[in-house]
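Student: task: produce atomic coordinates for the following.
(2 chains)
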Amino acid sequence: DGGITQSPKYLFRKEGQNVTLSCEQNLNHDAMYWYRQDPGQGLRLIYYSQIVNDFQKGDIAEGYSVSREKKESFPLTVTSAQKNPTAFYLCASNPGALGAQHFGDGTRLSIL
Amino acid sequence: QQQVKQSPQSLIVQKGGISIINCAYENTAFDYFPWYQQFPGKGPALLIAIRPDVSEKKEGRFTISFNKSAKQFSLHIMDSQPGDSATYFCAASMKGGADGLTFGKGTHLIIQP
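Tutor: The predicted model follows:
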């Protein structure tokens, strides 16, 4: 089945550690997105990429980094500079400007 | 600055009733307005979406009403069922969503049997 796979489902980070969240899609979508969800805050855009080897900052990019080396993959690194990383992270993809965004089932990141 | 305001934060409706969730936006450049449904521990799933050239769109029990002059749009769930209990998010975007979505803060809907 076509879809978006996020892994791991749960992730724990130690102080000063970088962690990488995986997002893979087999929908052949050009655009991919990362959102952060906090309780009562909705979803906020971290980074997005409309094409391989290109990406743009969203509203809350500080403390995060991304890469887009393959069309199918858009990993997110939560760096030690992100002081409040505990959240539910959601990856999405979009076939084009007039298409709907499809979401994965998220990674929940917590601090040890 | 919150560009999409959603209300209410929580809503309790009796089975068979109508659930109504409202959203207001500020940016007149928005051209795409989707609604998402999210169950605990899952990613949001697209429910229905509308573009500003129409005032209403209906899909099954779900209807979006859109008021361009007031910069408001709403979701109506007819004949609400316990399985509709979830968190609902409205969103808005420019360029049809290519640069990402701006979400409201969500409405936690409970349908009582």
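Student: show me how far the helix or strand containing residue A:77 is from its chain's centre.
Tutor: Per DSSP states H and E: residue A:77 is located in strand A:76-78. Remark: strand A:76-78 is offset 8 Å from the chain centroid, using Cα atoms, centre = their mean, to the nearest Å.
Student: list the neighbouring strands of whichever helix or strand comes after it plus their orientation.
Tutor: With elements assigned by DSSP H and E, the helix or strand that comes after strand A:76-78 is strand A:87-94. If you go by DSSP bridges, strand A:87-94 pairs up with strand A:31-37 (antiparallel), strand A:102-103 (antiparallel), strand A:107-111 (antiparallel).
Student: low-confidence stretches in the chain?
Tutor: Because you didn't say which chain, this covers chain A. Applying pLDDT under 70 to chain A flags residues A:1, A:97-99.
Student: could you do chain B instead?
Tutor: Within chain B, the segments meeting pLDDT under 70 span B:1-2.
Student: and it, which residues reach chain A?
Tutor: B:6, B:9, B:34, B:36, B:41-46, B:49, B:89, B:91, B:95-106 (Cβ under 8 Å from any Cβ of the partner chain). Any C-beta I mention is one placed from the backbone N, CA and C, and that applies to glycine too.
Student: which among those count as buried?
Tutor: B:6, B:34, B:36, B:43-44, B:49, B:89, B:91, B:96-106 (16 or more other Cβ atoms under 10 Å in any protein chain shown).
Student: picking that back up, so of the strands paired with strand A:87-94, which one's packed in deepest?
Tutor: Compared across the strands paired with strand A:87-94, strand A:31-37 shows the largest average neighbour count, a mean of 25 (mean count of other Cβ atoms under 10 Å in any protein chain shown).
Student: next helix or strand past that strand?
Tutor: strand A:43-51.
Student: with adjacent residues omitted, what lies nearest to residue A:73?
Tutor: residue A:24 (5.4 Å; Cβ to Cβ, 6 or more residues apart in numbering or on different chains).
Student: could you do residue B:76 as well?
Tutor: Closest to residue B:76 by Cβ to Cβ, 6+ apart is residue B:63, at 4.5 Å.
Student: give me the residue from chain B nearest chain A.
Tutor: Closest approach between chain B and chain A, counting by Cβ to the nearest Cβ: residue B:43, at 3.4 Å.
Student: that residue belongs to a helix?
Tutor: No. Applying DSSP: H, G, I helix; E, B strand; the rest coil, one finds residue B:43 to be coil, outside a helix.
Student: and it, its phi and psi?
Tutor: When read as degrees, to the nearest 10, the backbone of residue B:43 gives phi -80, psi 160.
Student: next one: the one 3 residues further on
Tutor: Backbone geometry at residue B:46, expressed as degrees, to the nearest 10, gives phi -60, psi 130.
Student: quick one: contacts for the residue lying closest to it once chain neighbours are set aside?
Tutor: For residue B:46, ignoring the flanking residues on the chain, the nearest one in space by Cβ to Cβ, 6+ apart is residue A:100 at 4.7 Å. By Cβ atoms under 8 Å, 6 or more residues apart in numbering or on different chains, the contact set of residue A:100 is A:94, B:34, B:46, B:49, B:97.
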